[in-house]
Each structure stands twice: as structure tokens, then as C-alpha cells.
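A.B. asks: just to be clear, the model below is a prediction. Sequence and coordinates:
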Amino acid sequence: MNKKEMVMEGLPIEIIRKRNMKNLYIRVKEKGIVTVSAPTKWKDEDIKKLICNNLSKIRKMRDRILDEERKNRRKYISGELHYLWGKPYELQVKEGGGKCKIEKMPTNILFTVPEGITRKEREKVFVEWYRQELKKVLYTMALQCEKRTGIHANEFRIKNMKTKWGTCNINKQRIWINLQLAKKPMDCLEYVIIHELTHLMEKNHTKRFYKLLEEFYPTWKEAKKRLDRMP
């Protein structure tokens, strides 16, 4: 694997060449970093041409990610909206408690914190709370999805990911689910689980993959739209 940087119309792009790749992949990562993974046999001219043809899409995706990052810089103070299973809750912060505590009310989330606690410490508490909320439903839903698809995963794990809703290790039959899915409607979690289970049967996004996905979850397109559009 080797790396180099290319600048196109003022946009820095990291080019990563890998021997075992067959196709070229363009990704926009955290902080708007654009990477292009390409087979070693591809020439610079071919890579530039493909990037140029998709430059407007890359810029739109980059702008959207940067905008989301700006919006998601939470301060964990009273008045903020925080989502759980697709429903917005207004945060109410109560200072003076001996330790951090989160309580979900019908329309609010009550967050009790010690005085002087930092934003980073508040965020850590919220991340763990979301992890526990996701754990409450993940394994039951995973069993239901396995029963529906007839595909079994050896293990389901939760990870706070920046660019993927889910991923899987085909060799170990292990599926990782994004912690952020606790903020989305339940059917979005169901879609991601079935999507990753389908990858255990069909590695790439081939016609066969989408045919299987359609068979396992006929409304997957609607769930994906909700997943992409919701805050």
C-alpha cells in the first residue's frame, strides 16, 4: 500500500493504492477528509478523470459532513435537543448532584451533573447512556433478523463509528453496529442489521446482494432514506 496527495480545484485528496483492490472507491471521512482507494495498476490520469467526473458530488458530500459536524458539537446544556429512537427530547441539566445521572421523561431528558463537570465528561456519560439504550434492544432484534434471513452472526458488537452505520468481519462472522443508531428510529437499526447479515452471504454490493436484501427486507429503501435524512 502506498499513499500520495493530489489537489484538484483546491481540494486536497489522499490517494491510497492497494494491491488487492479491483475497483476504485471514493470516501469522505471525518473533518471532510477525502480519500480515494484505488488498485495499484490504475494510472494517475485515470484516477484524476474519475475524480473530476464526481467532483461536484464529492464537494456536496463533504459540505454535508462538515455541516453535520458543526451541528453535532454538543455542549450538553439545557435546551438542546437529543434524540432517542427517532424521538426528540429537550435536555434539562440539573447541577449539584454527587454523580452523573440521566433520566428519560416523556418529553425531556433530565441530566444531573456535579458542579464543574467539563463538556467532554458530559459527552462521555451520554455516549455510555446511548450504548446501554442500544444494548437493551440490539440482541433481541438481532435474533429476529437472523431468524428472518436465515443467516447467523457469531457476535454483535457496538462501536461509535464516524462514517459507517454498520460493518462486518466475514471471516469471524462478527457484526459491528454504530452506537449512533440509538438516535434513529428502530426500523433503521433493523435495516442495518439485515444489511450486514446479508454481507455475510454476499460480500460486495452486487446485484445478488440487493436481490437478497429486497427479499429479506422489502422496505429497506424507505428505512435507508429515514436513516440518511434524520438528524
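C.D. replies: Nice, I can see it. Residues are numbered from 1 along each chain as shown.

A.B. asks: can we go C-alpha only for contacts and neighbour counts from here?
C.D. replies: OK.

A.B. asks: where do the strands sit along this structure?
C.D. replies: 2-8, 11-18, 25-28, 34-39, 81-84, 87-95, 101-104, 108-113, 155-159, 166-169, 174-178 (DSSP state E).

A.B. asks: what are the buried residues along the third one?
C.D. replies: In this case it means strand 25-28. Buried residues in strand 25-28, counted by 16 or more other Cα atoms under 10 Å: Ile26, Arg27, Val28.

A.B. asks: same question, the longest one
C.D. replies: Of the residues in strand 87-95, those scored as buried under the neighbour-count criterion (16+ other Cα under 10 Å) are Pro88, Tyr89, Glu90, Leu91, Gln92, Val93, Lys94.

A.B. asks: follow-up on the earlier one: out of the strands of the chain, which comes closest to His199?
C.D. replies: strand 166-169 (7.5 Å; Cα to Cα).

A.B. asks: Ile15 is in contact with Thr35, isn't it?
C.D. replies: Yes - assessed by Cα atoms under 8 Å, Ile15 is found in contact with Thr35 at 6.0 Å.

A.B. asks: on that earlier part again, what's the closest of the buried residues of strand 25-28 to Trp220?
C.D. replies: Arg27 (22.6 Å).

A.B. asks: distance of that closest one relative to Thr163?
C.D. replies: 9 Å (Cα to Cα, to the nearest Å).

A.B. asks: quick one on the thing from earlier: switch the buried residues of strand 25-28 over to CSV; also include pLDDT and distance to Met105.
C.D. replies: Listed next are these as CSV, based on pLDDT from 0 to 100; distance: Cα to Cα, whole Å:
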residue, pLDDT, distance to Met105
Ile26, 87, 42
Arg27, 86, 39
Val28, 85, 37
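
A.B. asks: which among the residues you listed gets closest to Phe156?
C.D. replies: Arg27 (25.1 Å).

A.B. asks: partner residues bridging the closest one?
C.D. replies: Thr35 (DSSP bridges).

A.B. asks: was I right about it contacting Thr35?
C.D. replies: Yes - under the criterion of Cα under 8 Å, Arg27 makes contact with Thr35 at 5.3 Å.

A.B. asks: would you map out the domains in this protein?
C.D. replies: Per automatic domain parsing, the domain ranges recorded for the chain read 2-71, 81-129, 134-229.

A.B. asks: okay, the ones you listed, which one's buried deepest?
C.D. replies: domain 134-229 (a mean of 17; mean count of other Cα atoms under 10 Å).

A.B. asks: compare the strands of the chain and give me the one nearest Leu213.
C.D. replies: Taking Cα to Cα, strand 166-169 is the member of the strands of the chain nearest to Leu213, at 14.9 Å.

A.B. asks: so what secondary structure elements neighbour the closest one?
C.D. replies: strand 174-178, helix 186-201 (3 or more Cα pairs under 8 Å, 6 or more residues apart in numbering; DSSP states H and E).

A.B. asks: quick one: closest of these to Val137.
C.D. replies: Once the helices and strands packed on strand 166-169 are compared by Cα to Cα, helix 186-201 is nearest, at 9.1 Å.

A.B. asks: quick one, what contacts Phe209?
C.D. replies: Contact analysis of Phe209 by Cα atoms under 8 Å, 6 or more residues apart in numbering lists Thr198, His199, Glu202, Lys203.

A.B. asks: surely the second one is in contact with Cys168?
C.D. replies: The reference is to His199. Yes - using Cα under 8 Å, His199 is in contact with Cys168, at 7.5 Å.
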